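Peer 1: Sharing a sequence plus its predicted fold:
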Amino acid sequence: MKKFEYQIEKVTGHCSCGYKVGDVFQCEGMNTPCTPFCGGAYMALFPIQVALHNGATFNLEENPKSKGNLACPDNGYVVFKVTLIED
């Protein structure tokens, strides 16, 4: 099963979930993260997970199986990166 990581890249304001730079959340396939996760952020990240799950690559990224600079819908205070870690 394909595995994914959601990593916090940047925090520039208040995060109601208390996320900090470097926090990592994992999920498998088309499932939600294995631990409780912010629903608003998940709505922004899930389309990237779907794309990677279905073979998309992001060739302008350092790792084409990763997409960074994904802002939380809560004023963009938290910025995430989604990475396919296992095919």
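Peer 2: Looks like it came in fine. Numbering: from 1, shown residues only.

Peer 1: How far off centre is stretch 36-46?
Peer 2: 8 Å (C-alpha atoms, centre = their mean, to the nearest Å).

Peer 1: So which bits of it are buried?
Peer 2: By 16 or more other C-beta atoms under 10 Å, the buried positions in stretch 36-46 come out as Phe37, Cys38, Ala41, Tyr42, Ala44, Leu45, Phe46. From N, CA and C alone the C-beta is placed, and that goes for glycine too.

Peer 1: so the third one, which of the three states?
Peer 2: Classification of Ala41 into helix, strand or coil gives helix, according to DSSP: H, G, I helix; E, B strand; the rest coil.

Peer 1: What does the pLDDT read for it?
Peer 2: Ala41 is assigned 94 on the pLDDT scale.

Peer 1: Quick one: residues contacting the residue nearest to it when sequence neighbours are not counted.
Peer 2: Counting by C-beta to C-beta, 6 or more residues apart in numbering, the nearest residue to Ala41 once its immediate chain neighbours are dropped is Cys72, at 4.8 Å. Applying C-beta atoms under 8 Å, 6 or more residues apart in numbering, one finds that Cys72 lies in contact with Cys15, Cys38, Gly40, Ala41, Ala44, Val78, Val79, Phe80.

Peer 1: Quick check: the fourth one touching Pro73?
Peer 2: Okay, so that is Ala41. Yes. Using C-beta atoms under 8 Å, Ala41 is in contact with Pro73, at 7.4 Å.

Peer 1: Sort out which one of the contacts of Cys72 lies nearest Tyr6 for me.
Peer 2: Each of those was checked against Tyr6 using C-beta to C-beta; the closest is Phe80, at 5.6 Å.

Peer 1: what helix or strand does that closest one sit in?
Peer 2: Taking DSSP states H and E as the criterion, Phe80 maps to strand 78-86.

Peer 1: That strand packs against which elements?
Peer 2: strand 3-11, helix 39-53, strand 66-71 (3 or more C-beta pairs under 8 Å, 6 or more residues apart in numbering; DSSP states H and E).
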